[in-house]
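J.: Dropping a prediction and its sequence here:
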Amino acid sequence: MSLSNEMVQEQLIAKFGDQVSQFATSYGMLSFESPKEINLKVLQFLYDEPSLAFTFLTDICAVNYPNQTGAELVVVYHLHNLKENIRLRYSVSTSLENTDVYTATKLFESANWMERETYDFFGINFVGHPNLKRILNVDEMDYFPLRKEFPLEDQTRIDKDDEMFGRG
Amino acid sequence: MRPVRFNIHPKEAEIADAIGMGKAPDGVPGDGFFATQLSSVVGLARKNSLWPLPFATSCCGIEFMATMASHYDLSRFGSERVGFSPRQCDLLMVMGTIAKKMAPVLRQVYIQMAEPRWVIAVGACASSGGIFDTYSVLQGIDQVIPVDVYVPGCPPRPEAIIDGFMKIQDLVGQESIRRRNSEQYKALLNSYGIQ
(Lines give C-alpha, C1' and ligand atoms only; values in the text may rest on other atoms or scores of the structure.)
Protein backbone atom coordinates (compact mmCIF):
# COMPACT_ATOMS: atom_id res chain seq x y z
CA MET A 1 0.00 0.00 0.00
CA SER A 2 1.42 3.30 -0.98
CA LEU A 3 2.10 6.06 1.46
CA SER A 4 -0.12 9.11 1.62
CA ASN A 5 0.11 12.47 3.35
CA GLU A 6 -2.65 11.45 5.77
CA MET A 7 -0.74 8.33 6.83
CA VAL A 8 2.40 10.39 7.47
CA GLN A 9 0.37 12.83 9.55
CA GLU A 10 -1.26 10.04 11.57
CA GLN A 11 2.06 8.41 12.36
CA LEU A 12 3.62 11.70 13.41
CA ILE A 13 0.70 12.51 15.73
CA ALA A 14 0.78 8.97 17.17
CA LYS A 15 4.45 9.38 17.97
CA PHE A 16 4.74 13.03 19.02
CA GLY A 17 1.21 13.93 20.10
CA ASP A 18 0.47 17.63 20.18
CA GLN A 19 4.12 18.60 19.80
CA VAL A 20 3.68 18.45 16.04
CA SER A 21 1.16 20.94 14.72
CA GLN A 22 0.12 23.22 11.87
CA PHE A 23 -0.45 20.35 9.45
CA ALA A 24 -1.31 21.66 6.03
CA THR A 25 -1.21 20.46 2.45
CA SER A 26 -0.37 22.85 -0.33
CA TYR A 27 -0.06 21.69 -3.91
CA GLY A 28 -0.15 18.10 -2.65
CA MET A 29 2.81 18.58 -0.30
CA LEU A 30 2.47 18.04 3.44
CA SER A 31 3.94 20.60 5.80
CA PHE A 32 4.04 20.76 9.59
CA GLU A 33 5.85 22.37 12.48
CA SER A 34 7.28 21.42 15.83
CA PRO A 35 9.28 23.10 18.63
CA LYS A 36 12.93 23.42 17.67
CA GLU A 37 14.08 21.28 20.61
CA ILE A 38 12.74 18.06 19.08
CA ASN A 39 13.81 18.68 15.49
CA LEU A 40 16.34 15.83 15.53
CA LYS A 41 13.86 13.42 17.09
CA VAL A 42 11.33 14.18 14.36
CA LEU A 43 13.90 13.89 11.57
CA GLN A 44 15.24 10.63 13.06
CA PHE A 45 11.73 9.19 13.34
CA LEU A 46 10.93 10.12 9.75
CA TYR A 47 14.22 8.52 8.68
CA ASP A 48 14.11 5.32 10.75
CA GLU A 49 10.46 4.35 10.65
CA PRO A 50 10.31 1.72 7.85
CA SER A 51 6.88 2.80 6.67
CA LEU A 52 7.96 6.45 6.37
CA ALA A 53 11.60 6.23 5.21
CA PHE A 54 12.22 9.91 4.48
CA THR A 55 15.89 9.21 3.89
CA PHE A 56 16.75 12.03 1.50
CA LEU A 57 17.25 15.62 2.62
CA THR A 58 16.43 17.80 -0.38
CA ASP A 59 17.02 21.19 1.16
CA ILE A 60 17.45 23.22 4.29
CA CYS A 61 16.61 26.88 4.17
CA ALA A 62 15.35 29.62 6.43
CA VAL A 63 12.70 32.33 6.31
CA ASN A 64 12.64 35.58 8.24
CA TYR A 65 9.23 36.80 9.46
CA PRO A 66 10.08 40.06 11.25
CA ASN A 67 6.56 40.45 12.67
CA GLN A 68 6.37 37.06 14.42
CA THR A 69 7.78 38.14 17.77
CA GLY A 70 9.77 35.31 19.36
CA ALA A 71 9.65 33.20 16.20
CA GLU A 72 11.21 35.52 13.67
CA LEU A 73 13.37 32.87 12.02
CA VAL A 74 11.97 29.65 10.61
CA VAL A 75 14.23 26.78 9.51
CA VAL A 76 12.63 24.61 6.85
CA TYR A 77 13.62 21.03 6.07
CA HIS A 78 12.54 19.49 2.76
CA LEU A 79 12.49 15.69 2.96
CA HIS A 80 11.92 13.12 0.26
CA ASN A 81 10.87 9.50 0.42
CA LEU A 82 12.59 8.19 -2.70
CA LYS A 83 10.76 4.87 -2.78
CA GLU A 84 7.23 6.25 -2.58
CA ASN A 85 8.21 9.56 -4.19
CA ILE A 86 6.57 11.63 -1.47
CA ARG A 87 7.96 14.91 -0.26
CA LEU A 88 7.25 16.86 2.90
CA ARG A 89 8.17 20.15 4.45
CA TYR A 90 9.03 20.37 8.13
CA SER A 91 9.80 23.63 9.89
CA VAL A 92 10.98 24.79 13.29
CA SER A 93 10.99 28.39 14.42
CA THR A 94 13.41 30.28 16.58
CA SER A 95 13.82 33.78 17.93
CA LEU A 96 16.38 36.38 16.85
CA GLU A 97 17.87 36.47 20.36
CA ASN A 98 18.63 32.75 20.55
CA THR A 99 19.19 31.23 17.11
CA ASP A 100 20.44 27.84 18.33
CA VAL A 101 19.05 24.90 16.38
CA TYR A 102 20.43 21.38 16.61
CA THR A 103 22.38 20.33 13.54
CA ALA A 104 21.15 17.57 11.25
CA THR A 105 24.66 16.71 10.04
CA LYS A 106 24.82 13.55 12.15
CA LEU A 107 21.75 12.25 10.31
CA PHE A 108 22.37 13.63 6.82
CA GLU A 109 25.88 14.32 5.53
CA SER A 110 24.33 16.64 2.95
CA ALA A 111 23.12 18.93 5.73
CA ASN A 112 26.68 20.19 6.18
CA TRP A 113 26.80 22.73 3.35
CA MET A 114 23.07 23.52 3.51
CA GLU A 115 23.37 24.51 7.16
CA ARG A 116 26.46 26.56 6.39
CA GLU A 117 24.47 28.40 3.74
CA THR A 118 21.56 28.94 6.13
CA TYR A 119 24.00 30.25 8.72
CA ASP A 120 25.63 32.47 6.11
CA PHE A 121 22.42 34.21 5.09
CA PHE A 122 20.25 34.07 8.22
CA GLY A 123 22.64 33.53 11.11
CA ILE A 124 21.06 30.32 12.40
CA ASN A 125 23.51 28.83 14.90
CA PHE A 126 23.46 25.10 14.22
CA VAL A 127 24.61 23.54 17.49
CA GLY A 128 27.05 20.68 16.89
CA HIS A 129 27.86 21.52 13.28
CA PRO A 130 31.48 20.43 12.52
CA ASN A 131 32.44 23.50 10.47
CA LEU A 132 29.93 26.31 10.85
CA LYS A 133 31.43 29.18 8.85
CA ARG A 134 30.37 31.26 5.84
CA ILE A 135 30.16 29.35 2.58
CA LEU A 136 29.09 31.83 -0.13
CA ASN A 137 29.69 35.34 1.14
CA VAL A 138 33.01 36.96 1.94
CA ASP A 139 34.42 35.93 5.32
CA GLU A 140 34.68 39.57 6.44
CA MET A 141 30.92 40.12 6.17
CA ASP A 142 29.60 41.08 9.61
CA TYR A 143 25.87 40.72 9.02
CA PHE A 144 23.38 38.17 7.69
CA PRO A 145 22.21 39.63 4.41
CA LEU A 146 18.87 37.87 3.85
CA ARG A 147 17.38 38.99 7.16
CA LYS A 148 14.68 41.54 6.56
CA GLU A 149 16.42 44.14 8.71
CA PHE A 150 19.03 44.52 5.97
CA PRO A 151 17.73 46.10 2.76
CA LEU A 152 18.93 44.39 -0.40
CA GLU A 153 20.77 47.46 -1.67
CA ASP A 154 24.29 48.03 -0.47
CA GLN A 155 23.92 50.84 2.06
CA THR A 156 27.65 51.57 2.06
CA ARG A 157 27.80 52.77 -1.51
CA ILE A 158 28.64 56.37 -2.30
CA ASP A 159 29.12 56.25 -6.05
CA LYS A 160 25.54 56.19 -7.34
CA ASP A 161 22.98 58.95 -7.46
CA ASP A 162 20.18 57.91 -5.10
CA GLU A 163 17.53 59.75 -7.11
CA MET A 164 18.26 57.59 -10.12
CA PHE A 165 17.46 54.46 -8.11
CA GLY A 166 14.24 55.58 -6.46
CA ARG A 167 15.87 56.25 -3.09
CA GLY A 168 16.04 60.04 -3.27
CA MET B 1 13.38 42.89 -61.56
CA ARG B 2 14.54 41.91 -58.10
CA PRO B 3 13.03 43.91 -55.23
CA VAL B 4 16.47 44.81 -53.98
CA ARG B 5 19.08 45.79 -56.50
CA PHE B 6 22.59 44.90 -55.66
CA ASN B 7 25.56 46.72 -57.02
CA ILE B 8 27.03 44.08 -59.26
CA HIS B 9 29.99 46.23 -60.12
CA PRO B 10 31.49 47.09 -56.75
CA LYS B 11 34.44 49.37 -56.66
CA GLU B 12 37.66 47.45 -56.36
CA ALA B 13 39.18 48.26 -53.01
CA GLU B 14 42.66 49.69 -53.08
CA ILE B 15 44.81 47.44 -50.96
CA ALA B 16 46.70 50.48 -49.72
CA ASP B 17 43.46 51.88 -48.21
CA ALA B 18 42.95 48.76 -46.14
CA ILE B 19 46.37 48.78 -44.51
CA GLY B 20 46.88 51.09 -41.58
CA MET B 21 50.43 52.01 -40.74
CA GLY B 22 51.47 53.37 -37.38
CA LYS B 23 51.96 57.11 -37.81
CA ALA B 24 55.47 58.29 -37.16
CA PRO B 25 55.72 60.59 -34.14
CA ASP B 26 56.74 64.23 -34.41
CA GLY B 27 60.45 64.60 -34.98
CA VAL B 28 63.22 65.76 -37.24
CA PRO B 29 63.62 63.61 -40.37
CA GLY B 30 66.80 63.64 -42.41
CA ASP B 31 68.94 61.53 -44.70
CA GLY B 32 69.17 58.13 -43.02
CA PHE B 33 68.10 59.34 -39.58
CA PHE B 34 65.05 60.42 -37.68
CA ALA B 35 65.38 62.27 -34.42
CA THR B 36 62.53 62.14 -31.90
CA GLN B 37 61.79 61.57 -28.24
CA LEU B 38 62.41 58.15 -26.75
CA SER B 39 58.98 58.36 -25.09
CA SER B 40 57.18 58.60 -28.44
CA VAL B 41 59.04 55.65 -29.94
CA VAL B 42 58.41 53.51 -26.89
CA GLY B 43 54.77 54.64 -26.86
CA LEU B 44 54.40 53.79 -30.55
CA ALA B 45 55.78 50.30 -29.98
CA ARG B 46 53.73 49.68 -26.84
CA LYS B 47 50.38 50.87 -28.16
CA ASN B 48 50.53 48.70 -31.26
CA SER B 49 51.43 45.49 -29.49
CA LEU B 50 49.29 45.44 -26.36
CA TRP B 51 48.79 41.98 -24.92
CA PRO B 52 45.34 41.83 -23.35
CA LEU B 53 44.49 39.61 -20.41
CA PRO B 54 40.75 38.92 -20.52
CA PHE B 55 39.19 38.63 -17.07
CA ALA B 56 35.74 37.64 -18.28
CA THR B 57 33.10 36.66 -15.73
CA SER B 58 29.81 37.10 -17.57
CA CYS B 59 27.97 38.42 -20.62
CA CYS B 60 30.48 41.19 -21.38
CA GLY B 61 32.99 38.38 -21.82
CA ILE B 62 30.81 36.95 -24.59
CA GLU B 63 30.89 40.32 -26.33
CA PHE B 64 34.64 40.31 -25.99
CA MET B 65 34.80 36.89 -27.63
CA ALA B 66 32.99 38.43 -30.61
CA THR B 67 35.44 41.33 -30.48
CA MET B 68 38.37 38.94 -30.62
CA ALA B 69 36.90 36.82 -33.40
CA SER B 70 37.21 37.38 -37.12
CA HIS B 71 34.26 39.76 -37.63
CA TYR B 72 35.44 42.55 -35.32
CA ASP B 73 39.00 41.28 -35.14
CA LEU B 74 40.83 42.90 -32.26
CA SER B 75 44.10 41.79 -33.84
CA ARG B 76 43.80 44.68 -36.29
CA PHE B 77 44.92 46.80 -33.36
CA GLY B 78 48.03 44.81 -32.71
CA SER B 79 46.67 42.59 -29.98
CA GLU B 80 46.01 39.23 -31.55
CA ARG B 81 48.10 37.76 -28.79
CA VAL B 82 45.53 37.39 -26.01
CA GLY B 83 47.50 36.08 -23.06
CA PHE B 84 46.18 34.13 -20.13
CA SER B 85 49.17 34.70 -17.88
CA PRO B 86 49.20 37.98 -15.97
CA ARG B 87 53.00 37.95 -15.95
CA GLN B 88 53.15 38.49 -19.70
CA CYS B 89 50.25 40.86 -20.30
CA ASP B 90 50.01 44.64 -20.43
CA LEU B 91 46.28 45.24 -20.41
CA LEU B 92 43.84 43.78 -17.90
CA MET B 93 40.36 43.71 -19.46
CA VAL B 94 37.78 43.17 -16.72
CA MET B 95 34.49 42.12 -18.27
CA GLY B 96 31.55 41.22 -16.11
CA THR B 97 30.17 41.26 -12.61
CA ILE B 98 32.85 41.05 -9.95
CA ALA B 99 31.47 39.60 -6.73
CA LYS B 100 33.00 40.80 -3.49
CA LYS B 101 34.47 37.34 -3.07
CA MET B 102 36.15 37.66 -6.47
CA ALA B 103 37.70 41.05 -5.63
CA PRO B 104 40.86 39.68 -3.90
CA VAL B 105 41.43 37.38 -6.89
CA LEU B 106 41.17 40.29 -9.32
CA ARG B 107 43.50 42.33 -7.17
CA GLN B 108 45.99 39.46 -7.06
CA VAL B 109 45.92 39.17 -10.85
CA TYR B 110 46.56 42.90 -11.12
CA ILE B 111 49.49 42.71 -8.69
CA GLN B 112 50.99 39.82 -10.66
CA MET B 113 51.11 41.89 -13.85
CA ALA B 114 54.41 43.59 -14.58
CA GLU B 115 54.66 47.34 -15.12
CA PRO B 116 53.66 49.04 -17.32
CA ARG B 117 50.10 47.80 -16.98
CA TRP B 118 46.73 49.22 -17.91
CA VAL B 119 43.19 48.32 -16.88
CA ILE B 120 39.95 48.64 -18.82
CA ALA B 121 36.59 48.09 -17.11
CA VAL B 122 34.15 46.78 -19.71
CA GLY B 123 30.44 47.12 -19.03
CA ALA B 124 28.22 48.53 -16.32
CA CYS B 125 29.01 45.83 -13.74
CA ALA B 126 32.78 46.14 -13.86
CA SER B 127 32.51 49.93 -13.91
CA SER B 128 29.92 50.47 -11.18
CA GLY B 129 28.26 47.24 -10.10
CA GLY B 130 25.57 47.79 -12.72
CA ILE B 131 22.12 46.52 -11.86
CA PHE B 132 23.54 44.40 -9.04
CA ASP B 133 23.00 46.93 -6.30
CA THR B 134 23.35 44.26 -3.63
CA TYR B 135 25.35 42.89 -0.73
CA SER B 136 27.39 40.41 -2.72
CA VAL B 137 28.64 42.47 -5.66
CA LEU B 138 31.60 44.82 -5.79
CA GLN B 139 30.31 48.27 -6.78
CA GLY B 140 32.92 48.90 -9.46
CA ILE B 141 36.39 47.41 -9.75
CA ASP B 142 37.95 50.82 -9.09
CA GLN B 143 37.34 50.06 -5.43
CA VAL B 144 40.19 47.53 -5.54
CA ILE B 145 42.41 48.42 -8.51
CA PRO B 146 43.03 51.61 -10.53
CA VAL B 147 41.17 51.77 -13.85
CA ASP B 148 42.30 53.63 -16.99
CA VAL B 149 39.24 53.39 -19.24
CA TYR B 150 35.59 52.60 -18.54
CA VAL B 151 33.38 51.22 -21.31
CA PRO B 152 29.65 51.79 -20.69
CA GLY B 153 26.95 49.38 -21.82
CA CYS B 154 25.07 46.37 -20.57
CA PRO B 155 26.74 44.66 -22.28
CA PRO B 156 28.63 47.02 -24.60
CA ARG B 157 28.71 46.15 -28.28
CA PRO B 158 32.02 45.04 -29.76
CA GLU B 159 32.34 48.48 -31.35
CA ALA B 160 32.23 50.02 -27.87
CA ILE B 161 34.89 47.62 -26.60
CA ILE B 162 37.07 48.49 -29.60
CA ASP B 163 36.48 52.18 -28.90
CA GLY B 164 37.59 51.67 -25.30
CA PHE B 165 40.59 49.74 -26.54
CA MET B 166 41.55 52.61 -28.86
CA LYS B 167 41.25 55.02 -25.92
CA ILE B 168 43.72 52.80 -24.07
CA GLN B 169 46.00 52.91 -27.12
CA ASP B 170 45.89 56.72 -27.03
CA LEU B 171 46.83 56.68 -23.35
CA VAL B 172 49.63 54.19 -23.94
CA GLY B 173 51.00 56.11 -26.91
CA GLN B 174 51.12 59.40 -25.03
CA GLU B 175 52.44 58.08 -21.76
CA SER B 176 55.81 59.34 -20.62
CA ILE B 177 58.29 56.57 -19.90
CA ARG B 178 58.89 58.24 -16.54
CA ARG B 179 55.25 58.16 -15.46
CA ARG B 180 55.50 54.83 -13.61
CA ASN B 181 58.29 56.20 -11.42
CA SER B 182 56.48 59.43 -10.60
CA GLU B 183 55.29 60.41 -7.15
CA GLN B 184 51.69 60.74 -8.34
CA TYR B 185 51.67 57.20 -9.69
CA LYS B 186 53.15 55.80 -6.49
CA ALA B 187 50.57 57.74 -4.49
CA LEU B 188 47.82 56.30 -6.71
CA LEU B 189 48.97 52.74 -6.09
CA ASN B 190 49.46 53.44 -2.40
CA SER B 191 45.88 54.65 -2.18
CA TYR B 192 44.89 51.11 -3.25
CA GLY B 193 47.38 49.54 -0.84
CA ILE B 194 49.50 48.20 -3.71
CA GLN B 195 53.25 48.72 -3.51
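T.: Structure received.
J.: Report the beta-bridge partner residues of B:Val119.
T.: The bridge-partner assignment for B:Val119, based on DSSP bridges, gives B:Leu92.
J.: Any regions of chain B where pLDDT drops low?
T.: B:1-3, B:5-6, B:15-16, B:18-20 (pLDDT under 70).
J.: go with 50
T.: Counting by pLDDT under 50, chain B contains no low-confidence range.
J.: Please identify the residues of it in proximity to chain A?
T.: B:100-101, B:128-129, B:133-137, B:139-140 (C-beta under 8 Å from any C-beta of the partner chain). All C-beta atoms are positioned from the backbone trio N, CA, C, and that covers glycine.
J.: what about burial for those, which qualify?
T.: Using 16 or more other C-beta atoms under 10 Å in any protein chain shown as the burial test, the residues of chain B next to chain A include B:100-101, B:128-129, B:133, B:135-137, B:139-140 as buried.
J.: hang on, the earlier thing: sort out for me which of the residues of chain B next to chain A are in strands.
T.: Judged by DSSP state E, strands contain none of the residues of chain B next to chain A.
J.: so which pair among those residues is furthest apart in space?
T.: B:Lys101 and B:Ser128 (18.4 Å; C-beta to C-beta).
J.: Can you point out the helix or strand that includes the residue most central in space within chain B?
T.: For chain B, B:Phe165 is the residue whose C-alpha lies nearest the centre (C-alpha atoms, centre = their mean; 3.9 Å). Per DSSP states H and E, B:Phe165 falls inside helix B:158-174.
J.: Just want the phi and psi numbers for the closest residue to the residue nearest to the centre of chain B other than its chain neighbours.
T.: Once flanking residues are discounted, B:Phe165 sits nearest to B:Phe77: 6.1 Å by C-beta to C-beta, 6 or more residues apart in numbering or on different chains. Backbone torsions of B:Phe77, given as degrees, to the nearest 10, read phi -100, psi 20.
J.: re earlier: need the residues that contact the helix holding B:Phe165.
T.: B:40, B:43-44, B:46-48, B:50, B:52, B:63-64, B:66-67, B:71-72, B:74, B:77, B:79, B:90-91, B:116, B:118, B:120, B:122, B:148-153, B:156 (C-beta atoms under 8 Å, 6 or more residues apart in numbering or on different chains).
J.: Put the buried members of those into a ChimeraX selection.
T.: Selection of buried members from those for ChimeraX, criterion 16+ other C-beta under 10 Å:
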select /B:40,43,44,46,47,48,50,52,63,64,67,72,74,77,79,90,91,118,120,122,148,149,150,151,153,156
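J.: Now for residue 124: which residues touch it?
T.: You didn't say which chain, so I picked chain A. Neighbours of A:Ile124 in contact, by C-beta under 8 Å, 6+ apart: A:62, A:73, A:75, A:94, A:99, A:101, A:115, A:118.
J.: try chain B instead
T.: B:130-131, B:152-154 are the contacts of B:Ala124 under C-beta under 8 Å, 6+ apart.
J.: in a strand, that's where it is, yeah?
T.: No. Applying DSSP: H, G, I helix; E, B strand; the rest coil, one finds B:Ala124 to be helix, outside a strand.
J.: For B:Phe55, see how far away it is.
T.: Counting by C-beta to C-beta, to the nearest Å, the gap from B:Ala124 to B:Phe55 is 16 Å.
J.: do the same with B:Ala24
T.: Taken as C-beta to C-beta, the span from B:Ala24 to B:Phe55 is 34 Å.
J.: Of these two, which one has the most company?
T.: Neighbour comparison, B:Ala24 and B:Phe55: the larger count goes to B:Phe55, with 25 against 12 (by other C-beta atoms under 10 Å in any protein chain shown).
J.: Distance from the helix or strand containing the more buried one to the middle of the chain?
T.: Using DSSP H and E, B:Phe55 sits in strand B:52-56. With C-alpha atoms, centre = their mean, to the nearest Å as the basis, strand B:52-56 stands 9 Å off its chain's centre.
J.: With stretch B:63-81 instead?
T.: Computed by C-alpha atoms, centre = their mean, the separation of stretch B:63-81 from the middle of its chain amounts to 11 Å.
J.: what does it contact?
T.: So stretch B:63-81 is contacted by B:20, B:47-52, B:54, B:56, B:82, B:91, B:93, B:95, B:122-123, B:155-159, B:161-162, B:165-166, B:169 (C-beta under 8 Å, 6+ apart).
J.: Nearest spatial neighbour of B:Glu175, chain-adjacent residues omitted?
T.: B:Gly43 (6.0 Å).
J.: same question but for B:Gln139, I mixed them up
T.: B:Gly129 (3.7 Å).
J.: any idea how far A:Gly28 is from that neighbour?
T.: B:Gly129 is 41 Å from A:Gly28, where distance means C-beta to C-beta.
J.: Start and end of stretch B:53-66, how far apart?
T.: In terms of C-alpha to C-alpha, to the nearest Å, the two terminal residues of stretch B:53-66 are separated by 15 Å.
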